[in-house]
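# pasting a predicted model and its sequence here:
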Amino acid sequence: MKKSKILILALAAIYTLTFTVGCSLAADAKIETVQSGNDEPTASVADIIPAADNGEEDNYLFSPNQNVESSKGHIESMAEDIIKNVMSERIGDDPAMSYYGEYSIDMIQQMGNNIFAVVGYYPNEGQGDVTLYVLERDADNLVVVETTEGNLPISSGVTVFKFVFSNITVVYGALNDELWYDLSEAPEKAVFTEVKVQYSNGKEQSAKVGNFQTFMVCIDGDVPIDEIQLLSGNEVIGEYFKLYANEKGKDNFNAHGTISYYGKND
């Protein structure tokens, strides 16, 4: 009886030792599989043991494991949120105030390290404005580094401005629903669909737009603007400089960003 008991205990010890060694070898084999090949890892620890999800949101503007170009939509979304906060502070929350009103963020575009956005502001009273925001990447954040603005159009139907930042030319402005072809006559109704910017003697870029919207066109380099065409469908229904500026006004626009720089459009 004693011999049988000893034999059983010995067999149990051998089984336990065999199981432990087997598990150890299996674990080593799994790690060796990960490190196989030319001694370069083919997987990470995360591939074997996934990181726990702690439920916290990613506070980074750019994911550390994400290509910057692939996060373009995320960048534009963050820029929009920042501008919304700025505009909310500007218009306040009291509808009885004259500066309370509405705004629209009509276009956002990334150019290199900068993000440009154009915003129309429509207050309860007085003339509204079109504002160009320039945001810049700062580590994992976006910051507003520049703003410039001009008046929304009234009878003219269109206002256009030029701004150069970090060797990028931005032509921006706003439209309503008319054009003033003859100053001795009433403005005529118009349906705008596109703005085409001609520059550097033959080059052009365009932006889709509608009535009562703001627009912008971003161009690489500090370039002279030759004309801004206003289209309705495929038809050019107006050219900004020909309608509202002489040569002095065009020079003012390229040098100072507006055709009526200090009223010197003469």
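Yep, it's here. Numbering: from 1, shown residues only.

# walk me through the domains of the protein.
The chain resolves into domains spanning 2-48, 74-263 when parsed by automatic domain parsing.

# averaged pLDDT, the last one. What do you get?
Per-residue pLDDT over domain 74-263 has a mean of 94.

# how far does it sit from the chain's center?
With C-alpha atoms, centre = their mean, to the nearest Å as the basis, domain 74-263 stands 16 Å off its chain's centre.

# in the stretch 51-200 of the chain, which spans are helices?
All helices of the stretch 51-200 of the chain, identified by DSSP state H, counting those that start in this stretch, fall at 72-91.

# now do the strands in it.
Secondary structure of the stretch 51-200 of the chain (DSSP state E, counting those that start in this stretch): strands located at 101-111, 114-123, 129-138, 141-151, 158-165, 168-175, 178-179, 188-189, 194-199.

# and those strands: which comes nearest G210?
Across these, G210 has its closest neighbour in strand 168-175 (7.8 Å, C-beta to C-beta). Using the backbone N, CA and C atoms, a C-beta is placed for each residue, glycine as well.

# one step back: of the strands of the stretch 51-200 of the chain, which stretch is the most buried?
With neighbours defined as mean count of other C-beta atoms under 10 Å, these peak in mean count at strand 168-175, which reaches a mean of 24.

# and it, C-alpha only, in PDB?
The C-alpha trace of strand 168-175 is given here as PDB (Å, rounded to 0.1, in the frame of the first residue of the first chain):
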ATOM      1  CA  ILE A 168       0.100  82.000 -50.000                       C
ATOM      2  CA  THR A 169      -2.300  84.300 -51.800                       C
ATOM      3  CA  VAL A 170      -5.900  84.100 -50.600                       C
ATOM      4  CA  VAL A 171      -8.600  85.800 -52.600                       C
ATOM      5  CA  TYR A 172     -11.800  85.900 -50.500                       C
ATOM      6  CA  GLY A 173     -15.100  87.700 -50.500                       C
ATOM      7  CA  ALA A 174     -18.900  87.400 -50.400                       C
ATOM      8  CA  LEU A 175     -21.900  87.600 -52.800                       C
END
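
# which elements pack onto that strand?
Judged by 3 or more C-beta pairs under 8 Å, 6 or more residues apart in numbering; DSSP states H and E, the packing partners of strand 168-175 are strand 114-123, strand 129-138, strand 158-165, strand 194-199, strand 214-220, strand 225-232.

# with distance to E188 added, can I get those in TSV?
Converted to TSV, those look like this (distance: least, C-beta to C-beta, whole Å):
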stretch	distance to E188
strand 114-123	22
strand 129-138	22
strand 158-165	13
strand 194-199	18
strand 214-220	20
strand 225-232	11
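
# do you know which of those lies nearest K208?
With C-beta to C-beta as the yardstick, what comes closest out of the helices and strands packed on strand 168-175 is strand 194-199 (5.7 Å).

# the inter-axis angle of the closest one versus strand 214-220?
Counting by axes from the mean of the first three to the mean of the last three C-alpha atoms, to 10 degrees, strand 194-199 points 30 degrees away from the direction of strand 214-220.

# which residues touch the helix or strand just after strand 194-199?
Heading C-terminal from strand 194-199, the first helix or strand you meet, by DSSP states H and E, is strand 203-208. Identification of contacts with strand 203-208 by C-beta atoms under 8 Å, 6 or more residues apart in numbering yields 107, 193-199, 215-217, 219, 223, 231.

# change it to 7 Å
By C-beta atoms under 7 Å, 6 or more residues apart in numbering, the surrounding residues in contact with strand 203-208 are 107, 193-198, 215-217, 219.

# now do stretch 236-248
So stretch 236-248 is contacted by 156, 158, 160, 179, 181, 190, 227-231, 250, 253, 259, 264-266 (C-beta under 7 Å, 6+ apart).

# those, buried ones only, as a PyMOL selection?
Burial among the contacts of stretch 236-248 is assessed by 16 or more other C-beta atoms under 10 Å; the matching PyMOL selection reads:
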select buried, resi 156+158+160+179+190+228+229+230+231+250+253+259+265
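
# so which of the helices and strands packed on strand 168-175 comes closest to E146?
Here strand 129-138 is closest among the helices and strands packed on strand 168-175 (C-beta to C-beta), at 4.0 Å.
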